[in-house]
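Undergrad: Following is a predicted model, sequence given first.
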Amino acid sequence: MSEVKTNGLANKSRGEETRQKLLLVGARLFAVNGFKGVSMRNLAKEADINIATVGYHFGGKLGLYEAILQDVIDHRHDFFPSREDLAAQITMLESSEISKSGLVRWYFGFIINAIIADPQIEWASLIISRELAAPSELYPLLERDLFTPSFEGLTVLLGAAVGGNVSLEERSIMGIALMGMVFKYAHPRMVLSRIGWEEYTPENIAKVTDVLCRRIIGFVGCEEA
C-alpha cells in the first residue's frame, strides 16, 4: 500500500514539474511571439514534451495562456505593494513617522527592485504590453484582477503624496507616466547596453533604484527628506 502511495506522490510531483515548466516556457514564447504566433507544436518542442501533455494539463493553448495570465495576477503583490502595506505606510505618514518623499521612495523602490531582480517579470511585462496593444479575449481578466487594483493603489499613493488638491484625473495621468518609465527596466538588454553595464549586479540595481526614486520624487513634487 505504501509503495502505491509513494508512486502516486512521485507521479503528482512529476506532473507539477511539467506544469510549471509549461508555464515558464509558455510565458517566454507568448511574450516573444504573441498568442497567435505560438503553436502547440512550438510549445511541445520547447518544453520537450509531447503535444498531448499541454492538453492534459491546460486543455490546450488558450488554457495555458489563461493560466499564465492568472499566475501573473496571483503574484502581483510580488511587484506591487499590497493595499494593506500601502495603508500601513500612509498611516505612518499621517503620524509623521515617514515623509511624503519617504512614502514615494518606499513604493517605487519596492516595484523597481522586484521587476529588476526577477527575470520572469520581463516575459510578464511583454505579455501585458501585447494585451494593452491588441487585447485578446482574456483581456477583461487582466483589467479586473491586475490593472484596476494595481492602478487604484497607485492613485491612492499619489493622493497621499501630492495632497487632495490634485484631481484624480491628474493623478491618473501621472500614474500612467510613472508606470511606463519604471517598467522599461524590466527589459534588461536595452537598459544594460545603453548604460554600458554587463548585468544587473546588486550595486547596479541599487543605482537604478536610487536614481529613479529621486527623479520620481521630483516629478511627483515631493521634496527629498
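TA: That came through fine. Numbers count the residues shown, from 1 in each chain.
Undergrad: tell me the mean pLDDT for the strand or helix carrying Gly109?
TA: Per DSSP states H and E, Gly109 falls inside helix 100-117. Averaging pLDDT along helix 100-117 yields 94.
Undergrad: Numbering from 11 from now on, please.
TA: Yes, from this point I'll number from 11; that puts the last item at helix 110-127.
Undergrad: Which neighbouring elements make contact with the next helix or strand after it?
TA: Sequence order places helix 130-143 as the next helix or strand after helix 110-127, per DSSP H and E. Secondary-structure packing of helix 130-143 (3 or more CB pairs under 8 Å, 6 or more residues apart in numbering; DSSP states H and E): helix 12-43, helix 71-84, helix 110-127, helix 149-152. Any C-beta I mention is one placed from the backbone N, CA and C, and that applies to glycine too.
Undergrad: which residues sit against the helix or strand that the last one is followed by?
TA: Tracing the chain C-terminally past helix 149-152 and defining elements by DSSP H and E, one meets helix 158-172 next. Helix 158-172 has contacts (CB atoms under 8 Å, 6 or more residues apart in numbering) with 86, 90-93, 96, 100, 103, 110, 113-114, 117, 176, 178, 181-182, 184-185, 188-189, 230-232.
Undergrad: Mind giving me the ChimeraX select for those, buried ones only?
TA: The buried residues among those can be selected in ChimeraX (16 or more other CB atoms under 10 Å) with this line:
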select :86,90,91,96,100,103,110,113,114,117,181,184,185,188,189,230,232
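Undergrad: and the contacts of helix 158-172, which of them are in helices?
TA: 93, 96, 100, 103, 110, 113-114, 117, 178, 181-182, 184-185, 188-189, 230 (DSSP state H).
Undergrad: tally of neighbours for the residue lying closest to Ser92 once chain neighbours are set aside?
TA: Once flanking residues are discounted, Ser92 sits nearest to Gly163: 8.0 Å by CB to CB, 6 or more residues apart in numbering. Neighbourhood size, Gly163 [other CB atoms under 10 Å]: 21.
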